[in-house]
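In: 3D, please:
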Amino acid sequence: MNNMYLEEIETILKNRISPKFYQLDSEIYGFHYNRSNGEKLIKKIMITVDLSLESIHYAIKSKTNLIISHHGLFKKQLRNFDPHLINKLSLLSRYPISIYILNTPFIAAEGGVSETMMEALYLKLERPLNIKNNTGIKIPIGRICYPEMYPGKQFKLNLENLLKRMKVNLNMKSISYVGTLNKEINRICIVGGSYINEYLIRKIVRKGCDCYISFNIDHHLASLARDIGLILIEASHYNSEIIALKKLCNYFSLEFPQTEFTLFESKNPINYFA
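Out: Numbers count the residues shown, from 1 in each chain. Next comes the predicted model:
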């Protein structure tokens with residue numbers, strides 16, 4: 001197996017792992033820092049959910065050449081530099097580390113966050129849920145799916161069963177939801193990101209979904225879901241993304257055995273009081 005170069009991994013990420021054409025409008029995507037030389041030899045790659053100070057320190061200590069992160073150093077256009085960002089940029093400026101951001105394309109992609117969540121919950125794909133970006137390109141941001149029965153079991157999946165499955169398979173300590181625990185679920189829409197609004201809720205209901213799994217559900221949408229009889233479940237951002245990144249790390253390790261791949265697990269920044 002030949003050595004891996006920066007240009008080569010960029011091509012794989014843009015075309016296969018996290019397709020660039022799934023980029024949502026003006027979000028950060030691609031090289032976030034130090035894409036200076038495509039012929040740069042890459043020997044060590046670190047994969048992470050976010051660019052915390054802890055993850056950057058680890059990358060420097062382990063002499064990482066490239067960081068692949070789902071989230072960037074900042075989310076929107078900068079209005080000012082806060083001290084934490086300055087610390088990160090100061091650290092990065094001293095070392096030849098490149099950073100590549102996956103963002104929405106990795107949520108939408110085959111094998112990305114939405115699809116990995118679907119597989120982790122043992123659901124069967126019916127069709128993708130598409131949204132359009134500003135250029136009119138359809139982005140398969142979610143997955144519309146339905147429950148598969150356990151072998152030898154004929155009972156229907158209800159909300160309580162699904163929540164228990166999520167707690168175990170997504171390693172979630174607690175789950176916020178809207179709905180009745182004994183209500184049967186026939187068709188589920190999973191969106192592996194914070195893309196939830198009234199338009200999407202009404203759209204998936206028209207498509208026959210009675211359950212929506214997403215991140216960051218607010219009170220207005222919870223009230224709407226209750227009124228129209230839609231089950232809403234708030235999944236963990238971190239726990240859902242880390243399982244997709246674990247799969248990505250395994251994929252790269254098999255494809256490029258001469259390059260060292262590390263998954264940095266920064267742990268969920270959100271704590272729970274039991």
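
In: can you pull the contacts of residue 197?
Out: Contacts for residue 197 (Cβ atoms under 8 Å, 6 or more residues apart in numbering) come out as residue 221. C-beta: built from backbone N, CA, C; applies to glycine.

In: got phi/psi on residue 138?
Out: Note on residue 138: its backbone torsions stand at phi -80, psi 130 [degrees, to the nearest 10].

In: the closest residue to it other than its chain neighbours: how many residues sit nearby?
Out: Take residue 138 and drop its neighbours on the chain: the residue closest to it by Cβ to Cβ, 6 or more residues apart in numbering is residue 130, 4.2 Å away. Other residues near residue 130 come to 13 when the count uses other Cβ atoms under 10 Å.

In: how about residue 136?
Out: Residues near residue 136, counting by other Cβ under 10 Å, number 6.

In: tell me, what's the model's pLDDT at the residue nearest to residue 138?
Out: At residue 130, the model reports a pLDDT of 95.

In: for the host helix or strand of it, buried residues please.
Out: Using DSSP states H and E, residue 130 maps to strand 123-132. Within strand 123-132, the residues that count as buried by 16 or more other Cβ atoms under 10 Å are 123, 126, 128-129, 131.

In: partner strands of that strand, with direction?
Out: Strand 123-132 pairs in its sheet with strand 138-147 (antiparallel), by DSSP bridges.

In: need the strands for this structure, in chain order.
Out: Here the chain has its strands, by DSSP state E, at 4-5, 30-33, 41-42, 44-48, 66-69, 98-101, 123-132, 138-147, 176-178, 188-191, 211-214, 231-234, 260-264.

In: to residue 92, which of these lies closest?
Out: Closest approach to residue 92 among those (Cβ to Cβ): strand 30-33, 6.0 Å.

In: for that closest one, packing partners?
Out: Here strand 30-33 touches strand 98-101, going by 3 or more Cβ pairs under 8 Å, 6 or more residues apart in numbering; DSSP states H and E.

In: the strand it packs on - contacts with which helices or strands?
Out: Here strand 98-101 touches helix 6-12, strand 30-33, strand 66-69, going by 3+ Cβ pairs under 8 Å, 6+ apart.

In: now it: how far from the chain's centre is it?
Out: Offset of strand 98-101 from its chain centre (Cα atoms, centre = their mean, to the nearest Å): 16 Å.

In: before we move on, what about stretch 234-254?
Out: Per Cα atoms, centre = their mean, the displacement of stretch 234-254 from the mean C-alpha position of its chain is 7 Å.

In: go through it and flag the buried ones.
Out: For stretch 234-254, the neighbour count (16+ other Cβ under 10 Å) marks 234-245, 247-249, 252 as buried.

In: closest to residue 267 among those residues?
Out: Distance to residue 267 across the buried residues of stretch 234-254 (Cβ to Cβ) is lowest for residue 238, with 7.6 Å.

In: wouldn't the closest one be in contact with residue 268 here?
Out: Yes. Residue 238 lies in contact with residue 268 (Cβ atoms under 8 Å); the separation is 3.9 Å.

In: summarise which helices and strands the lowest-mean-pLDDT helix or strand in the chain is packed against.
Out: The helix or strand of the chain with the poorest confidence is helix 83-92; it has a mean of 81 (mean pLDDT, DSSP states H and E). Helix 83-92 sits against helix 53-61, with contacts defined as 3+ Cβ pairs under 8 Å, 6+ apart.

In: could you tell me the least trusted of the helices and strands packed on strand 98-101?
Out: Mean pLDDT is lowest for strand 30-33 out of the helices and strands packed on strand 98-101, coming in at a mean of 85.

In: list the buried residues for it?
Out: For strand 30-33, burial by neighbour count (16+ other Cβ under 10 Å) applies to 30-33.

In: for it, give me every contacting residue.
Out: With Cβ under 8 Å, 6+ apart as the test, strand 30-33 has contacts from 10, 14, 20, 69, 72-73, 92, 97-101.

In: and the buried residues of stretch 234-254, which is closest to residue 113?
Out: Of all the buried residues of stretch 234-254, residue 113 sits closest to residue 244, with 4.5 Å by Cβ to Cβ.
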